[in-house]
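S.K.: Provide a 3D model corresponding to the input given below.
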Amino acid sequence: MSLRSQGYRVVTGLNLDLAQQQIKASHEDHIVANCPKDAEERFTSTESIDTRLRKGRLVLPLVKDTGYGNLKLAGVTDY
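M.R.: Just a heads-up that it's a prediction; the model follows:
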């Protein structure tokens with residue numbers, strides 16, 4: 001079964017809601033263990049995310065539409 005068939009898709013960029021979800025997710029135990037700089041530097045606040053975006057980072061969130069235009073962040077990568 002594909003991610004698309006389960007309602008997931010990749011979008012470009014982070015809106016405020018997705019940025020706040022990323023900040024919260026960066027403090028989850030498995031993320032801290034494997035990506036410690038996420039909580040310490042990269043995603044400490046919406047301002048730190050804005051700084052990354054202004055540097056020209058391409059942010060590609062994996063999201064699931066939960067209805068009424070609401071998106072749940074499932075993962076993110078940036079280049």
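S.K.: What does Asp65 show for phi and psi?
M.R.: The main-chain torsion angles of Asp65 are listed as degrees, to the nearest 10 and equal phi -80, psi 120.
S.K.: Would you mind measuring from it to Gln22?
M.R.: 17 Å (Cβ to Cβ, to the nearest Å). Any C-beta I mention is one placed from the backbone N, CA and C, and that applies to glycine too.
S.K.: quick one, which of the two is more surrounded?
M.R.: More neighbours sit around Gln22 than around the other of Asp65 and Gln22, counting by other Cβ atoms under 10 Å; the figures are 21 against 12.
S.K.: Hmm, Ala74 is touching Lys64, no?
M.R.: Yes - assessed by Cβ atoms under 8 Å, Ala74 is found in contact with Lys64 at 5.8 Å.
S.K.: which residues sit against stretch 44-62?
M.R.: Around stretch 44-62, the neighbours that count as contacts under Cβ atoms under 8 Å, 6 or more residues apart in numbering are 3, 8-14, 16, 18-20, 22-23, 26, 41-43, 71, 73-79.
S.K.: end-to-end on that stretch?
M.R.: Separation of the first and last residues of stretch 44-62 by Cα to Cα, to the nearest Å is 20 Å.
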